[in-house]
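**Student:** I would like the atomic coordinates for the input below:
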Amino acid sequence: MLHLTRTFALRLICVLVLAAGGSLAAGPALARSASFSALPVNYDFATAFVATFALPTVSPPGANNFSCRPSAAHRYPVVLVHGTFENQNDNWQAASAVLVNHGYCVFAFNYGGSDAANPVQGTGDIVASAQQLSAFVNQVLAATGAAKVDIVGHSQGGMMPRYYLKFLGGAAKVNTLVGLAPSNHGTTIDGLTTLTQTLGLLGVFTSGLNVACTACAEQEVGSPFLTSLNAGGDTVRGVHYTVIESKDDEVVTPYTSAFLSGPNVTNITVQNQCSLDQSDHLELAYDPIALADVLNALDPAHPVHVPCVLVLPVTGPVGPVPPF
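**Tutor:** Numbering: from 1, shown residues only. A predicted model of the protein is given here:
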């Protein structure tokens, strides 16, 4: 879930500064994967967002090649699921390229928007969005001939697939779910929910939020949707779960609400691997440290080296990123 005011403010700053000829990039943003070197990887959320936000129907780099057939090394195609207010193109410029360069068949789609051409996606009812995910997974399985998919999701996109797994038969079709800063147990929206609840105004606040973004209200701590989703446990049998989160997440608050409990769960805090990593909620899907963790979650038998470089909120790595 993305905080309405802060997220749009960050994005507006990115657009205005870059449009004026400034650069938010703190260093070289392009790097190449060690494995294939086929696609450049932009680890800078700000520049990627400015370039791609208005092109939501364009697939991220290397994605949606429906003639791709999974290799013996990577049997499961990867489905990328964007977050609230984002779309397939602006959310996955880095991750899609990294995964394709490492030999995966990668697929992405838009969900939860008023229509597929709207740059602002992921705002609709989460149950309906999970149904869209179900239909897309079926499409990918039919095209690739794979038995299952892996899912990598950011923010709402890391939480929403859990509804698909738990209630829509997705557990039989998914091997691994990787969540980047997922809103698994909701967010206080920087304490606003807690404050309004204390003042007896939570219902008024939720009603106002629901008008603009149904999915936002559903991601509040204690919402009926999340209460139902998490009843009886966080996980379902047969699926592997990895959650990757930053202590500096300003949207999923507290950041620990992203984490899951149960069997087959791995929870990762990126600062425990690299104290230089200052990724926020937006940058985490572009963070090379987090993306190395994604690769290791999808193929734990062949782990890559997790780099450690200075990563700034929104704008990404300072200096070059070593191959991984």
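
**Student:** Start from the N-terminal end of this protein and give the strands.
**Tutor:** Taking DSSP state E, the strands of the chain run over residues 30-32, 40-42, 78-81, 106-108, 149-154, 174-180, 240-245, 265-269, 311-312, 316-317.

**Student:** Parallel or antiparallel, list what pairs with the longest one.
**Tutor:** Using DSSP bridges, the neighbouring strands of strand 174-180 in the sheet come out as strand 149-154 (parallel), strand 240-245 (parallel).

**Student:** Likewise for the last one?
**Tutor:** Sheet pairing of strand 316-317 (DSSP bridges) gives strand 311-312 (antiparallel).

**Student:** Now find how far off-centre the partner strand is within its chain.
**Tutor:** Remark: strand 311-312 is offset 18 Å from the chain centroid, using Cα atoms, centre = their mean, to the nearest Å.

**Student:** ok, back up a step: looking at the strands of the chain, which is closest to Leu133?
**Tutor:** Closest to Leu133 of these, according to Cβ to Cβ: strand 78-81, at 6.4 Å. Bear in mind the C-beta positions are built from the backbone N, C-alpha and C, glycine included.

**Student:** one step back: can I get the strands paired with strand 174-180 in JSON lines with distance to Ala135?
**Tutor:** JSON lines is the format used below for the strands paired with strand 174-180 (distance: least, Cβ to Cβ, whole Å):
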{"stretch": "strand 149-154", "distance to Ala135": "13"}
{"stretch": "strand 240-245", "distance to Ala135": "23"}
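
**Student:** Nearest spatial neighbour of Gln271, chain-adjacent residues omitted?
**Tutor:** Lys247 (5.1 Å; Cβ to Cβ, 6 or more residues apart in numbering).

**Student:** Name the stretch among the strands paired with strand 174-180 that sits most buried.
**Tutor:** strand 149-154 (a mean of 27; mean count of other Cβ atoms under 10 Å).

**Student:** so the residue nearest to Gln271 makes contact with Cys274?
**Tutor:** No: using Cβ atoms under 8 Å, Lys247 is not in contact with Cys274; the gap is 11.7 Å.

**Student:** hmm, back to that, including distance to Ala116, could the strands of the chain go into TSV?
**Tutor:** Converted to TSV, the strands of the chain look like this (distance: least, Cβ to Cβ, whole Å):
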stretch	distance to Ala116
strand 30-32	29
strand 40-42	24
strand 78-81	15
strand 106-108	12
strand 149-154	18
strand 174-180	23
strand 240-245	28
strand 265-269	32
strand 311-312	32
strand 316-317	28
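
**Student:** Which one of these lies nearest to Ala297?
**Tutor:** strand 240-245 (3.8 Å).
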